[in-house]
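> give me a model of this one.
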Amino acid sequence: MTHTFKTRGINLFLALSLVTLFTTLQSSTCSKSDDVVTNTTGTPAGTWRVSLYWDSKDETSKFTGYNFTFAAGGQVTATNGASTVTGTWTETSTRMILDFGADPLFSKISDDYLKEEKTSVSIKLKDDNPLKDEKVQFVKN
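Numbers count the residues shown, from 1 in each chain. Coordinates of the predicted model:
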């Protein structure tokens, strides 16, 4: 009888140890290193314009005439000569986040996007929510 309790205790200890080990391994392998925000490397140099803004339909014309400048410190400026709107941008290896606050026009383009492509002349973004049909594409001026 004592032997059975001892065996059950060892089995319970082993089971708990395995659960702890797997939980630790699972949390360490699911690192969020991709969520580290970086604006200092890969800053889009120069000025950019919106070549496509799609929000269930083509709304590119809303941004016609605006030039966008992305600063290394995380600030983005959109200007059309008559008005200037500032916001922030952040980036990970797979995402780009634009935030222009409550500005009536630019709040539409403010979002958390997945990067489809980022080159020295093109940035193609799509909404990270697969249920939303939203895309933004910038081309270098």
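> isn't I97 up against G74?
No: using C-beta atoms under 8 Å, I97 is not in contact with G74; the gap is 9.8 Å. From N, CA and C alone the C-beta is placed, and that goes for glycine too.
> where does the chain dip in pLDDT?
For the chain, applying pLDDT under 70 flags the ranges 1-41.
> hmm, back to that, overlap of the contact sets of I97 and G74?
T88, W89, T90 (C-beta atoms under 8 Å, 6 or more residues apart in numbering).
> which of those has the largest number of neighbours?
W89 (20 neighbours; other C-beta atoms under 10 Å).
> spatially nearest residue to Q137, not counting backbone neighbours?
L52 (4.0 Å; C-beta to C-beta, 6 or more residues apart in numbering).
> hmm, I was thinking of N67
In space, N67 is closest to T47, 4.3 Å off (C-beta to C-beta, 6+ apart).
> number of nearby residues for that neighbour?
16.
> tell me the contacts of it?
Applying C-beta under 8 Å, 6+ apart, the residues contacting T47 are N67, F68, T69, K140, N141.
> all helices for the chain, in order.
2-29 (DSSP state H).
> quick check: domain ranges of it?
2-30, 47-140 (automatic domain parsing).
> and the ones you listed, which is most packed in?
Each of these was scored by mean neighbour count; the highest is domain 47-140, a mean of 15, by mean count of other C-beta atoms under 10 Å.
> endpoints of that one, how far apart?
6 Å (C-alpha to C-alpha, to the nearest Å).
> and the closest residue to G65 other than its chain neighbours, how far from N67?
Using C-beta to C-beta, 6+ apart and skipping the chain neighbours, the partner closest in space to G65 is N80 (4.3 Å). Using C-beta to C-beta, to the nearest Å, N80 is found at 7 Å from N67.
> ditto for D99
18 Å.
> same check on G46?
Going from G46 to N67 by C-beta to C-beta gives 9 Å.
> what do those two both touch?
N141.
> tell me the contacts of the most centrally placed residue in the chain?
Central residue of the chain (C-alpha atoms, centre = their mean): R95, 2.8 Å from the mean position. Residues near R95 by C-beta under 8 Å, 6+ apart: D34, D112, Y113, L114, K115, D128.
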